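Q: model this:
(one chain, ligands or ions: 1)
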Amino acid sequence: MNRLHPDTLGELAAGVQQPPYDRRALRPGILHLGPGAFHRAHQAVFTEDTLGVAGGDWGIIGVSLRSPTVADQLTPQDGLYSVLSEDDSEQELRVVGVIQRVLVAPREPEAVVAAIADPAIRIITLTITEKGYSLAPDGVSLNRDDAAIQSDLANPEQPASAVGMLALGMRERLAAGGAPLTLLSCDNLCNNSMLLRAVLLDYLQTTFTQVLPWLEDHTAFPCSMVDRIVPAMTPERRKKQCNALGLVDEGAVSTEPYSQWVIEDLFAAGRPQWERVGVQLVQDIAPFEDIKLRLLNASHSSIAYCGLLAGKKTVDQVMADPDLRSFVETLMAKDLMPALDAPAEFDLGAYRDQLLARFSNPTLRHRCAQIAMDGSEKISQRWLPTLQRRKAPLLCKALAAWVHFVLDTDFDLDDPRSDRLLVLRASTAAREQRVADTLACARITPQTVDNYDALRAE
Ligand code: CS2
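A: The predicted structure follows:
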């Protein structure tokens with residue numbers, strides 16, 4: 001089989017959808033930090049669909065902050081990749097063409113800075129994961145104890161962190177005339193773009209203060225809620241997808257049919273007509289963020305830790321186990337849903353039913369271990385707000401499962417605080433202290449939760 005490339009599109013299997021516009025007419029208008037599978041299955045697809053329906057020339061340049069993997073996958077394919085979306089009743093395979101180039105920051109830092117400075121780039125979107133924002137333990141300011149931030153603050157001309165890279169790029173943008181810019185976070189954090197703004201302001205105050213007035217007047221930071229389940233690709237799945245495609249695709253992504261994007265309608269320099277393809281542009285994003293993080297993601301993390309401890313590998317396996325499913329359903333009904341202030345017109349019950357069906361999708365094989373990653377960051381976004389609002393005994397069980405997972409098992413700990421957590425795992429200190437220290441890694445402390453002692457006792 002040949003490799004996917006504009007020159008080989010004629011060899012695609014019948015029925016595979018192709019970009020519905022002329023790729024040669026695209027101009028880079030969006031820069032995306034973190035072009036991993038999630039971006040390629042979500043924001044890129046919405047923009048691709050918009051080009052098909054509404055025209056325009058919004059091309060995307062991807063920037064990987066660390067690894068060359070995505071560039072190595074997509075560059076030989078001229079940016080093309082395929083997306084398979086499926087559940088047990090539908091299946092769609094398509095080739096997406098909206099990504100024009102992928103840059104690798106450590107390999108070509110000047111090109112990344114130049115792209116951020118380029119006035120043709122009008123929107124910077126980000127999927128850099130929760131830990132990419134370098135948030136301090138208070139969850140809202142810049143973590144100056146973070147090694148990457150410390151090194152960037154000491155040497156802001158050669159940044160490695162996302163915040164440092166954006167700050168340097170913005171300084172150059174200002175020097176190049178200061179064209180207005182929108183920065184749009186697409187990570188699973190409450191108030192995501194406001195947090196990005198806060199850490200950037202903090203960083204700029206000690207690096208390039210001249211950027212601050214421009215940032216105040218010429219940038220916009222709309223928050224957004226993103227939703228699509230995108231499991232990490234496996235070699236077997238990729239092989240199957242390539243066979244269905246008729247071409248080798250190293251950048252293949254597979255996902256579910258469902259996809260949702262809600263964005264605060266606050267842009268500094270225009271945007272694609274995303275509303276034409278179902279993106280919701282709203283004034284008040286808070287209810288959408290809360291419902292998604294505190295119901296979908298909160299259940300997801302509970303499924304991950306409880307499932308792994310019960311010997312399950314994937315989310316659908318957990319959902320197929322009657323006891324675990326009943327635990328998830330009760331957790332949603334008794335603890336998570338009552339802690340939400342959903343708008344009166346929002347049908348929370350229908351949303352819950354849809355989530356249960358999405359989690360049960362047998363074609364996704366979404367690994368619990370993937371969701372279990374970065375627990376210390378995710379828990380404070382997904383579980384803490386509910387724990388702060390009410391007594392939540394089932395959620396406490398999930399929290400106990402995480403603590404048990406960290407302290408008492410030999411599961412791999414893929415977490416930004418894994419050094420600390422591994423020390424706690426090995427420690428022979430009193431149990432109570434180790435539990436408290438583990439909880440503190442997820443920002444759960446007597447300062448953040450009122451009924452902390454009761455919660456820890458559970
Ligand atoms: C998951 C999310 O990996 C995780 O932590 O909970 O990535 C989840 O699949 C998405 O947020 C769904 O939109």
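Q: Contact residues of the stretch 101-250 of the chain facing the ligand?
A: By the criterion of C-beta under 6 Å from any ligand atom, the positions of the stretch 101-250 of the chain lying close to the ligand are 188, 227, 228, 229. No exception for glycine: its C-beta is placed from N, CA and C like everyone else's.
Q: Narrow those residues to those in strands?
A: Secondary structure from DSSP state E places residue 227 of these in strands.
Q: Just the buried ones from the residues of the stretch 101-250 of the chain next to the ligand?
A: Burial by neighbour count, judged by 16 or more other C-beta atoms under 10 Å, picks out 188, 227, 228, 229 from these.
Q: just the helices in the stretch 201-350 of the chain please.
A: 212-218, 235-245, 286-291, 298-309, 315-319, 322-330, 348-360 (DSSP state H, counting those that start in this stretch).
Q: Can you give the contact residues for the longest one?
A: It refers to helix 348-360. The set of residues that contact helix 348-360 without belonging to it, under C-beta atoms under 8 Å, 6 or more residues apart in numbering, is 229, 256, 258, 291, 295-296, 299-300, 303, 315-316, 318-320, 328-329, 332-333, 337, 340, 342.
Q: The first one now?
A: Contacting residues not belonging to helix 212-218 are listed as 170, 174, 178, 179, 180, 181, 197, 200, 201, 204, 205, 268 [C-beta under 8 Å, 6+ apart].
Q: Now render the residues you listed as CSV, adding neighbour count and pLDDT.
A: CSV is the format used below for the contacts of helix 212-218 (neighbours: other C-beta atoms under 10 Å; pLDDT from 0 to 100):
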residue, neighbour count, pLDDT
170, 25, 98
174, 18, 98
178, 18, 98
179, 16, 98
180, 16, 98
181, 26, 98
197, 18, 98
200, 24, 98
201, 16, 98
204, 21, 98
205, 12, 97
268, 18, 98
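Q: what two of those residues are the furthest from one another?
A: Using C-beta to C-beta, these reach their maximum pairwise distance at 179 and 205, which is 22.8 Å.
Q: which of the residues in stretch 392-412 are buried?
A: Judged by neighbour count using 16+ other C-beta under 10 Å, the buried positions of stretch 392-412 are 392, 394-403, 405-407.
Q: Roughly how far does the spatially closest residue to residue 318 that is not a sequence neighbour sit from residue 398?
A: The spatially closest residue to residue 318, leaving aside those adjacent along the chain, is residue 307, at 3.9 Å (C-beta to C-beta, 6 or more residues apart in numbering). As defined by C-beta to C-beta, to the nearest Å, residue 307 lies at a distance of 11 Å from residue 398.
Q: what does residue 103 give?
A: 39 Å.
Q: and the helices of the stretch 201-350 of the chain, which is most packed in?
A: The densest packing among these, expressed as mean neighbour count by mean count of other C-beta atoms under 10 Å, is seen in helix 298-309 with a mean of 24.
Q: any idea of the angle that helix forms with helix 322-330?
A: 160 degrees (axes from the mean of the first three to the mean of the last three C-alpha atoms, to 10 degrees).
Q: can you list the residues that contact the helix or strand harbouring residue 377?
A: Secondary structure assignment for residue 377, by DSSP states H and E: helix 375-382. Residues lying outside helix 375-382 but in contact with it, judged by C-beta under 8 Å, 6+ apart, are 129-131, 139, 188-190, 293-294, 297-298, 300-301, 305, 399, 402, 405-406, 415-417, 421, 441-444.
Q: If we use 7 Å, what do you get?
A: With contacts defined as C-beta atoms under 7 Å, 6 or more residues apart in numbering, helix 375-382 is touched by 130-131, 139, 188-190, 293-294, 297-298, 301, 402, 415-417, 441-443.
Q: What about residue 86, how many residues nearby?
A: 17 (other C-beta atoms under 10 Å).
Q: How about residue 343?
A: Residues within reach of residue 343, counting by other C-beta under 10 Å, total 11.
Q: quick one: pLDDT of it?
A: At residue 343, the model reports a pLDDT of 91.
Q: isn't it right next to residue 287, touching?
A: Yes. Applying C-beta atoms under 7 Å as the test, residue 343 and residue 287 come out as touching, 5.3 Å apart.
Q: can you map out the strands along this structure?
A: So, for the chain - with DSSP E - the strands run 27-33, 58-64, 81-86, 91-96, 99-104, 123-126, 181-185, 219-220, 224-227, 253-255, 260-264, 280-282.
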